[in-house]
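Asker: sequence first, then the predicted structure:
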Amino acid sequence: MDGGLIEDESHNPDPIAELIENYNELNSSVIEELTEEPSPLEFMRYVAKNTPFVVRGAAKDWKATKEWNVNFLKDFLKHETVNVAVTPHGNADAPTPHPTPSSPLVFAQPHEEDQPFPVFLDYLTTQSSLPAGGEPIGEVRYAQTQNDNLRHEYLRLFSHCLPSIPFARIALDRDADAINLWIGNQHSTTALHKDNYENIYVQIRGRKHFVLLPPICHPCVNERLLPSAVYSRKTTSPTEAANKEEPASSPEADGSTSSPSYLELKVSEQKVPFPTWDPDHPFQNETEYSCLACPVRASLNPGDMLYLPALWYHKVAQSVDNEGVCVAVNYWYDMDFTGPLYPLSTFVRSVYKKELRGEEEEKEEEKEEEKEEEEAVNEQDLVDNAEQHQRLT
């Protein structure tokens, strides 16, 4: 038999590492940039490949891009009350350290409260104008409800944007499942996560900075079951607030201290699977595969449009415009669960989990062997001591 046709059984490559490396060899880590919107057929080619792209200036002529400055928004929504996510560090829906020894890392969800829109916007711009560097001064507020808010909470602004993205609507043969408006400043970040949507993200004001990883990188992101926790606002005296671990802050957007408060993180028994590895801090919470990840990075300017494929991991930071705000709109289209993408991603996840279980079982076996060896040594020591005692007597 031809020896060249027989694989060397002594060489057992790691299938997960080989899968990620093969993907990296075949796919660029530089995002493709288009100068005009793709046709529906061209868009479907990107969907079929599950590959992101940016269209520079695609929304430059939208009314939202042209008119949504701070004064316009404050006046247009001057009578509106909106839902605001509040956190001490801009860490909404993110893995967060917790002082409790039993749960040192939790999935922290924001405190939510309703605020008059002009008050909310004033808070953002005032906070943005404070000296940069280090922790934000005061709590961080972000309008980030992901419940189709542009067609409900912000309905008055809806006509300033497209009701759907034409090439996506035609290609996917459906309207957007949700259209969301995002308003914040530079202190809010979105932790690495993934969504089951084809996502068209449009930048209106300021800039967004994306770090992207394909679904194949599940073994890189160190997904763990984290205890779920929620911030809640506690009103207290200035002295008590100063002694709290989370910074004291007034619920008043003007920063007054008439009603000092702090944000308390309450942990529940519910657990949430969530990535704990951050590509911008690659040596923290890493797995043995994290070093193989080749993040795709993209920054959006006002009027730019990003196609973020379903199941891609993404972390998002933002920088503000000269008025101190960052505003964006995104369109979520339900992904198609037929075809190979979803089964492949769940397969990779299952294989990685099985490997982790195998490693844990090996560690348990090693511990058991060490325990048996230690017991044997202790038993032999007792025998030796007894024999020595007998000789001496």
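Answerer: Done, it's in. Numbering: from 1, shown residues only.

Asker: break this protein into its domains for me.
Answerer: By the assignment in automatic domain parsing, the chain contains the domains 15-336, 339-393.

Asker: pick the most buried one from those domains.
Answerer: Mean neighbours per residue, mean count of other Cβ atoms under 10 Å, is largest over the domains of the chain for domain 15-336, with a mean of 18. Placement of C-beta: from N, CA and C, glycine included.

Asker: over to it now: how far is its first residue from its last?
Answerer: End-to-end distance for domain 15-336: 27 Å, by Cα to Cα, to the nearest Å.

Asker: mean confidence (pLDDT) on stretch 229-245, please.
Answerer: Taken as a whole, stretch 229-245 has a mean pLDDT of 70.

Asker: picking up where we left off before, check the domains of the chain for me: which has the lowest mean pLDDT.
Answerer: domain 339-393 - the lowest mean pLDDT of these, at a mean of 71.

Asker: for the protein, which strand is longest?
Answerer: Criterion DSSP state E: the longest strand present in the chain is strand 261-275.

Asker: correct me, but residue 315 touches residue 208?
Answerer: No: applying Cβ atoms under 8 Å as the test, residue 315 and residue 208 come out as separate, 10.8 Å apart.

Asker: what's the distance between the closest residue to residue 222 other than its chain neighbours and residue 114?
Answerer: Leaving aside its chain neighbours, residue 222 sits nearest to residue 277 (4.2 Å; criterion: Cβ to Cβ, 6 or more residues apart in numbering). Using Cβ to Cβ, to the nearest Å, we find residue 277 at a distance of 35 Å from residue 114.

Asker: surely residue 21 meets residue 293?
Answerer: No: the pair residue 21 / residue 293 is not scored as a contact, 10.9 Å apart, by Cβ under 8 Å.

Asker: all helices for the stretch 101-250 of the chain, in order.
Answerer: Taking DSSP state H, counting those that start in this stretch to define them, one finds helices in the stretch 101-250 of the chain at 117-129, 166-172, 238-242.

Asker: out of the ones you listed, nearest to residue 43?
Answerer: Comparing these by their distance to residue 43 (Cβ to Cβ), the top pick is helix 166-172, with 4.6 Å.

Asker: residue 276 versus residue 284, what's the distance?
Answerer: Distance of residue 284 to residue 276, computed by Cβ to Cβ: 9 Å.

Asker: residues touching stretch 30-42, excluding its own?
Answerer: Under the criterion Cβ atoms under 8 Å, 6 or more residues apart in numbering, residues 46, 51-58, 166-167, 170-171, 212, 296-298, 305 lie in contact with stretch 30-42.

Asker: hang on, I meant stretch 124-133
Answerer: For stretch 124-133, contacts defined as Cβ under 8 Å, 6+ apart pick out 70, 136-138, 140-141, 183-187, 254-255, 320, 323-325.

Asker: out of those, which sit inside strands?
Answerer: Per DSSP E, these map to strands at 140-141, 183-184.

Asker: how close does residue 127 sit to residue 135?
Answerer: As judged by Cβ to Cβ, residue 127 and residue 135 stand 12 Å apart.
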